[in-house]
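[1] pasted the sequence and its predicted model underneath.
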Amino acid sequence: MTPSRLALPALFALACSTSALAGEARQPPRVADPGVLATLEAQDRALAPFVLPKNAAPWESGLPLAAPEPMGGTPPGYVRTFSEYEANEGIFIRWASFTALQTEMIVPLTTATPPSKVWIAVTSGAQENTVRNTLQSAGANLDHVRFVQQSCTVNGNCSVWMRDYGPRFIESAGTRAIVDHQYNRPTRTADNQFPSLVAAAWSEPLYNIGLSHGGGNYHSFSNQDAFMTRLIVNENPGLTAQQVIDRYAAFQGVDLTLTDPFPTNVDSTQHIDMWMLPVAPDRIIIGDYPASTGGSAVPKQVTDATAAALASRGYTVFRTPGWRANAHYTYTNAVIVNQVALICRFGGSYTTQDAQALAVFQQALPDHDIVQVNCAGIITSAGAIHCIVMHVPDLIFRGRHED
């Protein structure tokens, strides 16, 4: 990697950060009220048997993937994908399950300096009112909370896993646009329609990439280096690996690298966000696995090889613990939104690993507020906090490449 590929995005990231903080005294974000969290955790436990997992639900297992909608016209002009560590307006979430965890995330995001917006998908005005009251009681700043209504049927077509089906924003010809895909969970039709709903409501152009995909199997840097596991090829058997790479270049402007996925008995989703997280133009965090994970050497082989490859390209690589117990435990499934980095804590017998991960994030992101949130409940559903949000990049980028 040449130095110029790293330096240019770094300048823009610094400019965005400085602009966002101008005139504001930096204050640490609030933490959610423990009493409210305890009440929500009890409600979440009662609903746990009905939660849709990030992987295929029992009634989805073995079903063929829905055929993707035909590929539409490609985005015009200069095309790039926003990296998550760049300036963001905020994030999308869906209020469907793990509401204690979502509240624990929303409070610091909306009370940070600068605050970030949170758009919450709800099923009705009644649910919106309930969520407003909950968040206000927990300490969130409701000035930075927005709502999107979408009705959902009761048989499981709305899930919390916003990363996998939510709108992927790009820059195209100096404006923001959305790239859509077919959600790779065949019964979750309302989830699959969510990007179209947003595009219509916000008057944002929408381009269909014509692929079956789960959005958590994707990460990119601001220099347009991007990474996915070969799950994307396996779930689109009509295309070669090179055709998939070419399609991401055309629709998202990225230079895509494919890696081997973890075995499904280690990570049932095979998504790259379960073991990788770009955190800055020249920095990345990658999971560090034992020689055998779930009886397989593949996680260590894949992560060590990827770490070495990225170090050879000029990136500084940090490592956090990863392992398999009753689930795939990871700290790279984290969320960076402007000055706040939300990371998992698991507690119990994993406090040593929690402390190790916190120290790594503090080293990798010394100018961020690092907030640990309770992921002990969500991790057994095959995902964590990155899986339940989708970033909404800031329109400060509008017009940057109009020439």
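    Received, thanks.
[2] stretch 60-73: which residues count as buried?
    Neighbour counts over stretch 60-73 (16 or more other Cβ atoms under 10 Å) mark E60, L65, A66, P68 as buried. From N, CA and C alone the C-beta is placed, and that goes for glycine too.
[3] so which strand or helix has the nearest residue to L231 once chain neighbours are set aside?
    Nearest in space to L231, with sequence neighbours left out and distances taken as Cβ to Cβ, 6 or more residues apart in numbering, is Q270 at 4.3 Å. If you go by DSSP states H and E, Q270 is not part of any helix or strand.
[4] correct me if wrong: D164 contacts C387.
    Yes - judged on Cβ atoms under 8 Å, D164 makes contact with C387 at a distance of 6.9 Å.
[5] shared neighbours of these two, which are they?
    Taking Cβ atoms under 8 Å, 6 or more residues apart in numbering as the criterion, D164 and C387 both touch K54, G216.
[6] S159 should be in a strand, yeah?
    No - under DSSP: H, G, I helix; E, B strand; the rest coil, S159 sits outside any strand and is assigned coil.
[7] could we number from 43 for the rest of this?
    Yes, from this point I'll number from 43; that puts the last item at S201.
[8] helices or strands up against the host helix or strand of T394?
    Taking DSSP H and E as the definition, one finds T394 inside helix 393-406. Secondary-structure packing of helix 393-406 (3 or more Cβ pairs under 8 Å, 6 or more residues apart in numbering; DSSP states H and E): strand 318-322, strand 325-330, strand 358-366, strand 382-387, strand 411-416.
[9] same thing but at 6 Å, please
    strand 358-366, strand 382-387 (3 or more Cβ pairs under 6 Å, 6 or more residues apart in numbering; DSSP states H and E).
[10] just name the most buried of these.
    strand 382-387 (a mean of 24; mean count of other Cβ atoms under 10 Å).
[11] which secondary structure elements does it contact?
    If you count contacts as 3+ Cβ pairs under 6 Å, 6+ apart, strand 382-387 packs onto helix 141-153, helix 393-406, strand 411-416.
[12] out of the ones you listed, nearest to C194?
    With Cβ to Cβ as the criterion, C194 lies closest to helix 141-153 of the helices and strands packed on strand 382-387, at 15.3 Å.
[13] which residues sit against that closest one?
    With Cβ atoms under 6 Å, 6 or more residues apart in numbering as the test, helix 141-153 has contacts from 71-72, 74, 79, 82-83, 86, 135, 158, 160, 177, 180-183, 186, 379, 382, 384, 413, 415, 420.
[14] who does the helix or strand following that helix touch, helix- and strand-wise?
    Next along the chain after helix 141-153, taking DSSP H and E as the criterion, comes strand 159-164. Contacts defined by 3+ Cβ pairs under 6 Å, 6+ apart place strand 159-164 against strand 130-136, strand 187-191.
[15] any idea how far strand 159-164 is from the chain center?
    From the chain centre to the centre of strand 159-164 is a distance of 15 Å (Cα atoms, centre = their mean, to the nearest Å).
[16] picking that back up, which of the contacts of helix 141-153 are buried?
    Among the contacts of helix 141-153, those classed as buried by 16+ other Cβ under 10 Å are 71-72, 74, 79, 82-83, 86, 135, 158, 160, 177, 180-183, 186, 379, 382, 384, 413, 415, 420.
[17] quick revisit: for the buried residues of stretch 102-115, give me CSV that also has secondary structure, distance to L281 and pLDDT.
    Below are the buried residues of stretch 102-115 laid out as CSV (DSSP: H, G, I helix; E, B strand; the rest coil; distance: Cβ to Cβ, whole Å; pLDDT from 0 to 100):
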residue, secondary structure, distance to L281, pLDDT
E102, coil, 23, 87
L107, coil, 13, 86
A108, coil, 16, 84
P110, coil, 10, 88
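[18] switch those residues over to TSV; also include distance to N307.
    Putting the buried residues of stretch 102-115 into TSV (distance: Cβ to Cβ, whole Å) gives the following:
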residue	distance to N307
E102	18
L107	21
A108	25
P110	28
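[19] any idea which of those is closest to A369?
    E102 (18.7 Å).
[20] for that closest one, give me phi and psi.
    When read as degrees, to the nearest 10, the backbone of E102 gives phi -90, psi -20.
[21] roughly how far apart are it and A292?
    30 Å (Cβ to Cβ, to the nearest Å).
[22] L82 now?
    L82 sits 43 Å away from A292, going by Cβ to Cβ.
[23] with L79 instead?
    Distance, L79 to A292, by Cβ to Cβ: 44 Å.
[24] Q191: what's it in contact with?
    Applying Cβ under 6 Å, 6+ apart, we find Q191 in contact with V164.
[25] what's the pLDDT at it?
    For Q191, the pLDDT comes out at 95.
[26] beta partners of it?
    Applying DSSP bridges to Q191 gives these bridge partners: V164.
[27] residue ranges with poor pLDDT in the stretch 343-445 of the chain?
    Scanning the stretch 343-445 of the chain for pLDDT under 70 picks out 438-445.
[28] dump the residue contacts of the nearest residue to G208 once chain neighbours are set aside.
    Of all residues beyond its chain neighbours, the one nearest G208 is M432 (3.3 Å), with distances taken as Cβ to Cβ, 6+ apart. The contact partners of M432, by Cβ under 6 Å, 6+ apart, come to F134, M204, R205, G208.
[29] which pair of these spans the longest distance?
    Greatest spatial distance among the contacts of M432 (Cβ to Cβ): F134 and R205, at 9.2 Å.
[30] the more surrounded of the two?
    With neighbours defined as other Cβ atoms under 10 Å, F134 and R205 compare such that R205 has more, 28 against 23.
[31] can you tell me the SS state at the more buried one?
    R205 is classified as helix under three-state DSSP.
[32] OK, contacts around it?
    Here R205 is in contact with G257, G258, C429, M432 (Cβ under 6 Å, 6+ apart).
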